[in-house]
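# pasting the sequence and the predicted coordinates here, then a few questions.
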Amino acid sequence: MSLSDPIGDMLARLKNSQMRNHKKLALPSSKFKTRIAEILKSEGYIIDYEVKSDQNKSNLHISLKYNLGNPVINSIERVSKPGRRIFSSAESLPKVNNGLGIAIVSTPKGVMTDIDARKQKVGGEIICKVF
C-alpha cells in the first residue's frame, strides 16, 4: 500500500494516539519523519523516539508525553500538503499562537523550527504547526 502523504499520516497517527492516551506509537520510518520526531523531542512535545529495523523495514517508535493526564501536544496540523505546497520567506514565517507553539519548516539547510529558520535567515516549505 502506498501513501500519498506520509507526513500527514504521521501527524494523524500522533493526534489519534494521544486522543486515546497511548504511551507509544509505531509507524513506518523515513529520514524526514525521524527529523520531525527529533524536533518534537528537542522542543519537549514527545519523550523520546527510536528507529528499529527488522529485516528490510524500519519503524519509528515514538514515546508520547502527557502532563497531568492531558497530552502535551494540544494541536498539530499539516500546513503544506501534496496538492498545495506552502512556502514562506524568512521574514514572513508564521508565529504559532504568538510564539508559544512552533512551525516545522523544511529549508535548504534541513528541517528546523520557525525560530531557527528566522535566526539563520532562511525560508522554506512550512510542514506543520504544533501547539
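Thanks, I have the structure now.

# show me where this protein has helices.
6-19, 31-42, 114-119 (DSSP state H).

# looking at those helices, which is closest to residue 64?
helix 6-19 (5.8 Å; Cβ to Cβ). C-beta here means a position set from N, CA and C on the backbone, and glycine is covered the same way.

# so who does residue 101 touch?
If you count contacts by Cβ atoms under 8 Å, 6 or more residues apart in numbering, residue 101 has them with 129-131.

# by neighbour count, which of these wins?
residue 130 (24 neighbours; other Cβ atoms under 10 Å).

# separation between that residue and residue 44?
Look at residue 130 and residue 44: by Cβ to Cβ, to the nearest Å, they are 11 Å apart.

# nearest residue to the most centrally placed residue in the chain other than its sequence neighbours?
With distances taken as Cα atoms, centre = their mean, the residue of the chain nearest its centroid is residue 36 (4.2 Å). Nearest non-adjacent residue to residue 36, counting by Cβ to Cβ, 6 or more residues apart in numbering: residue 104, 6.1 Å away.

# cool, residue 124 as well?
residue 107 (3.5 Å).

# my guess is the one you found contacts residue 122. True?
Yes. Between residue 107 and residue 122 there is a contact at 4.7 Å, judged by Cβ atoms under 8 Å.

# nearest to residue 70, of the helices of the chain?
Of these, nearest to residue 70 by Cβ to Cβ is helix 6-19, at 9.1 Å.

# what's opposite the residue nearest to residue 124 in the beta bridge?
For residue 107, the beta-bridge assignment (DSSP bridges) gives partners residue 110.

# ok, residue 54 next?
Going by DSSP bridges, residue 54 forms beta bridges with residue 57.
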